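1. Predicted model, plus sequence, below.
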Amino acid sequence: MTFLMGSTLLMAGLLSVSIPIIIHLLHRQKTTPLRWGAMMFLKESALQMKRRKNIDQWLLLLLRMLVLAFLAWLLARPLFDFSKHGSAASKQPVDLAIVIDHSMSMGRHAGDHTLFEEAQGVVDKLTDPQNPILRNGCTVSVILAEHRPRKLTPVPLQVNNSASMTQLHADIHALKPGTTDCTIPEAIEAAREVVNHGPNLAKVVLVVSDEQKTNWSIGDFAAWQRAVGEDAANGLDKHVEIHSYPLAADQNSSNISVEGLTVSPNTVGINRPVQVTAKISNSGPKDVNAINIHFSVNGKEQGAVQTIPTLSSGQSATIRFDRTFTTAGSTHVRVWTDVVDALAADNEAVAAFHVWQSLPILVIDGQLTSNKDFKSSMFLDLAMQPVEIDQVKTALIQPKTVGVADSAGMNLNDYYAVVLNDVPQIPPQLQAKLGDYVSSGHGLWVILGARTSPKMLASLGRNEIDPDHILFSADLKQPTPHEEKGAPASVEIKEPNNPMVRIVASSQQNALNGAVAQKWWQLVPKDDSQVVLASTSGDPLILSRPFGSGQVVVWATSVDGNWNNWHIMPNFVPLVNETIYQLSAAQTRQHNSGNIEAGGAIAWAGPPTPAVQSVDVTLPDGTVDGGRKANFRGGQYEFTYSNAFMPGLYQLRFTPTEIPQPVFYGVGIDHRELDPAKLSGDDMKWLDKGKFLSTDYSQIQPDQLEQVMTGVGEPSGFWWKLLAILLSWKTLAILVVASLFAETLMTYFMTGLQKNIDVAGAGLVPKV
């Protein structure tokens, strides 16, 4: 026997049995014998009268205790294990909760319909008003198994209530196939919470799903224990039966998926060529011909449709779209195919990014004179803006070059990155700012040259406030720059996947063929710096390390053309530009999202003015999650949305409208939903061993549905019928009234006894 409201409520109710005893003890008359001479002439009271009075009082106390105990037992709503009698397979009414798998995999086809449509049909079949399987007195609830379970019916609905059933059918058929993952044990737990509010003794949970293994949490004993409910007596709550109703998709249907949507370069600027590539895969068993691929920007289809003539089973192809953007701001692109296949949800992909008007960069030249002709930074400036004179103002990278003497008064937060080019010594005021500047998400590029001193390098490795938190730390092999005596040394790429050299290293030919260095500072890093480029002798030439939320890059050789020939190499411009993009990544990443993995968090950051009052998030299905709040932290407004489980396009809109909007974010599909693996025999054995599914009909076949829900037998006999009557709420009300009436009669009877005392017999009056 278990209790629907929990054994804790029963124990708390049984404690109330002590209330009459406590009241009796508190009101018990305490007397102290006092010898009084006049009383010795009175006769003793009759002992029989006193004993009868005590017996009546004890009967009244016992009656009160039994009434409270019985009330506590009924309020806990005891339930009995009718499994040997067939609780689901009985003619008694049941409380049925239907768990419908609403994950992406349920969008697969079975003939001319999807598995989710087939699941909708199961609900229709059970509650069909013309020929229902569920009988009068039964209740039905529907829970959608999504990333987080959704109770479509928060309370059980009576099957014989036609209005409720009509509304339920309308709500279910208004749903489209889901696009997220799901966790079946969590959905069962939610279903059990709902079905326990039903009025019937028999409780049944029916899970309608494709039994995709990734969603069933096989091996997660804790999740399943929470699903079926824990009980102190026997470990698991057995008063709810759980059955699985498996659905099967077509195994021979073709399936085309669009995935791996990428935008290159990572930092997109106006009037710069951009390549959007997508991977088109055929995961079905058949070859597919004439696959049309479409491309759109901000919802408008662009250019001609590209066609893949044939894509064999198990093969993939890459499609590329070229585009130049002329307007800055948040942008999204979409790639899709119009092929009709087994699963429609994976036929498209979306990516969002920010098109930048400019990236402000501060270049601090080591020149000490007031002359504004910074010759040592000339090649660096030209590489940042490799355009005609009339296009300088519209170039993506906008450098501002100042002398080291003027650097202390600059507001570093106005720039995404700071370049220290051949600076002999960092001014103390500037050095005090650099640590906080970089750790807050900015970039620092240190270029060593002829004016650099060992003292300057030592200052990078010093932090008086936090000695363990330094920008860059390295020893020098010698206190002066190293110079090759013979031929210049060639350079080697040590980390081809580093963002600064990835484009250069991806060239088919040797990207740095012919690049040499004659002179450099010989550094021996003492921190976690990564050597990106080195001389053939092994000395680091380019190093990179993260610092807080920002990045530090160090070049051990100059950019003025005196120590190397890099400035005349074809890849010098992309090398400089990619370094700037990498140093600005923390700033640009706040606006770029690309493809966020399903379940990832959307993060936005904006300026301190105007103040963000609220944020509205439009989800891919068109619903709006409005009135969200942004936080002001670190001199800027920040907003994080952690519910990005649904793949597709998300839009952020702000109040006030002076904030640039909307801001787009793209979320990819959960690739676990593309895993075709189903529950195996071993998986079912694990579920059976844990007794997480009912032993009889753990997997219901379509022709068994009516048999399981209606059955042939039911608990019978006098005692079962008497128990059913006692457990009804009407009986409870009658018993409460009857017990109160009985107590009133007994109290009245005892009061009458007290009035009928034999005064003369007690010797309280003298005899005549």
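-> Looks like it came in fine.
2. hey, where'd the strands end up in the stretch 101-250 of the chain?
-> For the stretch 101-250 of the chain, the strands defined by DSSP state E, counting those that start in this stretch occupy 109-110, 113-114, 139-145, 150-151, 157-158, 202-209, 230-231, 235-236, 240-246.
3. Residue 416 is nearest to which of the ones you listed?
-> Taking C-beta to C-beta, strand 150-151 is the member of these nearest to residue 416, at 42.6 Å. (Each C-beta comes from the backbone N, C-alpha and C, glycine too.)
4. Tell me which other helices or strands the closest one touches.
-> Using 3 or more C-beta pairs under 8 Å, 6 or more residues apart in numbering; DSSP states H and E, the elements in contact with strand 150-151 are strand 139-145.
5. Between strand 202-209 and the strand it packs on, find me the angle.
-> 30 degrees (axes from the mean of the first three to the mean of the last three C-alpha atoms, to 10 degrees).
6. now the strands of the stretch 101-250 of the chain as CSV including distance to residue 704?
-> Formatted as CSV, the strands of the stretch 101-250 of the chain follow (distance: least, C-beta to C-beta, whole Å):
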stretch, distance to residue 704
strand 109-110, 18
strand 113-114, 21
strand 139-145, 18
strand 150-151, 27
strand 157-158, 24
strand 202-209, 12
strand 230-231, 29
strand 235-236, 24
strand 240-246, 9
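7. mean pLDDT lowest for which of those?
-> Lowest mean pLDDT of the strands of the stretch 101-250 of the chain: strand 235-236, a mean of 44.
8. Next one: residue 188 from residue 216, what distance?
-> 10 Å (C-beta to C-beta, to the nearest Å).
9. for residue 655, that is, sorry about that
-> Using C-beta to C-beta, we find residue 655 at a distance of 43 Å from residue 216.
10. for residue 496, same thing?
-> Distance, residue 496 to residue 216, by C-beta to C-beta: 42 Å.
11. So between those two, which is more surrounded?
-> Between residue 496 and residue 216, counted using other C-beta atoms under 10 Å, residue 216 has the larger neighbour count: 25 against 12.
12. My guess is the more buried one contacts residue 680. True?
-> No: the pair residue 216 / residue 680 is not scored as a contact, 10.7 Å apart, by C-beta atoms under 8 Å.
13. returning to what we had before: ok, which of the strands of the stretch 101-250 of the chain comes nearest residue 650?
-> strand 150-151 (19.2 Å).
14. and the closest residue to residue 567 other than its chain neighbours, what are its phi and psi?
-> Leaving aside its sequence neighbours, residue 567 sits nearest to residue 379 (C-beta to C-beta, 6 or more residues apart in numbering; 4.1 Å). Backbone torsions of residue 379, given as degrees, to the nearest 10, read phi -70, psi -30.
15. Could you check how far residue 72 is from residue 689?
-> With distances taken as C-beta to C-beta, residue 72 is found 36 Å from residue 689.
16. between these two, which one's more packed in?
-> Taking other C-beta under 10 Å, residue 72 and residue 689 do not tie; residue 72 has more neighbours (18 against 8).
17. which residues sit in contact with residue 605?
-> Contacts for residue 605 (C-beta atoms under 8 Å, 6 or more residues apart in numbering) come out as 590, 636-639.
18. Then residue 550?
-> So residue 550 contacts 437-444, 583, 586 (C-beta under 8 Å, 6+ apart).
19. Tell me which of the residues you listed fall in helices.
-> Counted as lying in helices by DSSP state H, out of those, are 437-439, 583, 586.
20. Compare those residues and tell me which is most surrounded.
-> residue 583 (27 neighbours).
21. That residue and residue 423, how far apart?
-> The gap separating residue 583 from residue 423 is 17 Å, by C-beta to C-beta.
22. Same check on residue 614?
-> Taking C-beta to C-beta, one finds residue 614 at 45 Å from residue 423.
23. So the two - more neighbours on which side?
-> Between residue 614 and residue 423, counting by other C-beta under 10 Å, residue 423 is the more crowded of the two (26 against 14).
24. wait, what's in contact with that one?
-> Counted by C-beta under 8 Å, 6+ apart, residue 423 has contacts 364-366, 404, 451-452, 456.
25. could you redo the last one with a cut-off of 10 Å?
-> 364-368, 403-404, 407, 430, 446-449, 451-453, 456, 459 (C-beta atoms under 10 Å, 6 or more residues apart in numbering).
26. Assign it to helix, strand or coil.
-> coil (DSSP: H, G, I helix; E, B strand; the rest coil).
27. Can you read off the pLDDT for it?
-> For residue 423, pLDDT reads 94.
28. What ranges in the stretch 101-250 of the chain fall below the confidence cut-off?
-> 230-238 (pLDDT under 70).
29. any chance you could map the helices in it?
-> In the stretch 101-250 of the chain, the segments counted as helices under DSSP state H, counting those that start in this stretch are 115-127, 162-173, 184-195, 221-228.
30. Tell me the buried residues in the longest one?
-> Translated: helix 115-127. Neighbour-count burial for helix 115-127, counted by 16 or more other C-beta atoms under 10 Å, picks out 115-120, 122-123, 125-127.
31. quick one: which of those is nearest residue 257?
-> Using C-beta to C-beta, the buried residues of helix 115-127 come closest to residue 257 at residue 115, 17.5 Å.
32. contacting residues for that closest one?
-> When contacts are counted by C-beta under 10 Å, 6+ apart, residue 115 touches 101, 103, 105-109, 177, 208-210, 212, 246-250.
33. Could you verify my assumption that residue 643 touches residue 602?
-> Yes: using C-beta atoms under 10 Å, residue 643 makes contact with residue 602 at a distance of 8.7 Å.
34. number of nearby residues for the nearest residue to residue 482 once chain neighbours are set aside?
-> Of all residues not flanking residue 482 in the chain, residue 522 sits nearest, at 4.7 Å (C-beta to C-beta, 6+ apart). Per other C-beta under 10 Å, the neighbour tally for residue 522 reads 18.
35. so what's residue 522 up against?
-> Residue 522 touches 474-478, 480-482, 535, 537-540, 556, counting by C-beta under 10 Å, 6+ apart.
36. What subset of the residues you listed is buried?
-> Judged by 16+ other C-beta under 10 Å, buried ones among those: 474, 481-482, 535, 539-540, 556.
37. Of these, which belong to strands?
-> 474, 482, 535, 540 (DSSP state E).
38. now the residues you listed as TSV including distance to residue 263?
-> Listed next are these as TSV, based on distance: C-beta to C-beta, whole Å:
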residue	distance to residue 263
474	36
482	41
535	35
540	32
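39. Closest one of the residues you listed to residue 514?
-> residue 535 (14.5 Å).
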